[in-house]
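S.K.: sharing a model prediction with you, sequence too.
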Amino acid sequence: MMGKTAFFATLLGASGSGPCWALHGENDFGPVGVVRGQTVRVNVVNTAVSVHHTCPVVLSFHDDAGKQLLESNLQVLGPGQGAHLDLNADGLELKPGERAQIRAHVSLSVARGYACRHVIATEEVFDNATGETRVLNAQLTERFVP
């Protein structure tokens with residue numbers, strides 16, 4: 001029997017059999033709801049094999065009003081390297097039963113000399129007590145910046 005997490009991962013293309021989206025520029029996930037006792041995580045990995053394909057990334061989280069809640073330092077991912085950023089909902093001062101809508105953001109340098117086309121990302125929500133993933137999302141939308 002397929003568990004809920006595996007089912008959602010398959011639906012969203014994160015199982016390996018579905019599509020993966022290469023990132024560039026400014027990228028957003030759709031919002032996910034979290035409650036106390038859960039953490040939302042954004043993951044990135046540089047799938048390149050050439051040592052010439054490095055990519056600077058900054059990861060962040062925003063609330064449904066657009067306020068930035070947390071941001072990582074700039075990290076330069078070499079081939080095969082990954083990074084993640086966690087936002088623990090326990091730190092959001094939520095009341096019992098209250099949900100927060102959180103949106104993950106991935107910013108990649110598109111400056112000359114960097115090859116970020118091999119970077120892919122996922123977003124997940126997991127239970128703090130068990131570590132069990134409740135939501136896995138592999139779909140990003142590219143932000144249009146004129």
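M.R.: Now that the structure is in, tell me what you want to look at. Numbers count the residues shown, from 1 in each chain.
S.K.: how much space between His118 and Leu108?
M.R.: Using CB to CB, to the nearest Å, one obtains 11 Å as the distance from His118 to Leu108. Just so you know, the C-beta spots here come from the backbone N, C-alpha and C atoms, and that holds for glycine as well.
S.K.: now Glu123
M.R.: 15 Å.
S.K.: show me the common contact partners of His118 and Leu108, please.
M.R.: Residues touching both His118 and Leu108 (CB atoms under 8 Å, 6 or more residues apart in numbering): Cys55.
S.K.: so which of those two has more stuff around it?
M.R.: The neighbour comparison of His118 against Leu108 (other CB atoms under 10 Å) goes to Leu108, with 23 against 19.
S.K.: isn't that one up against Asn46?
M.R.: No - with contact defined as CB atoms under 8 Å, Leu108 does not count as touching Asn46 (9.9 Å).
S.K.: now for the two: what residues contact both?
M.R.: Common neighbours of Leu108 and Asn46 (criterion: CB under 8 Å, 6+ apart): 55, 116, 119.
S.K.: for Gly33, state which of those is nearest.
M.R.: Val119 (26.2 Å; CB to CB).
S.K.: could you pull out the strands for this protein?
M.R.: When secondary structure is read from DSSP state E, the chain shows strands at 26-29, 32-34, 38-46, 55-63, 68-71, 75-77, 82-88, 100-108, 119-127, 133-137, 140-142.
S.K.: so which of the ones you listed is nearest Leu94?
M.R.: When these are compared by CB to CB, strand 100-108 sits nearest Leu94, at 5.9 Å.
S.K.: just checking, what packs against that closest one?
M.R.: strand 26-29, strand 32-34, strand 38-46, strand 55-63, strand 119-127 (3 or more CB pairs under 8 Å, 6 or more residues apart in numbering; DSSP states H and E).
S.K.: where are the low-confidence patches of the protein?
M.R.: For the chain, the stretches flagged by pLDDT under 70 are 1-25, 110-115, 139-146.
S.K.: isn't Leu59 up against Val44?
M.R.: Yes - Leu59 is within contact range of Val44, at 6.8 Å (criterion: CB under 8 Å).
S.K.: okay, and the common contacts of these two?
M.R.: Counting by CB under 8 Å, 6+ apart, the shared contacts of Leu59 and Val44 are 83-84, 106.
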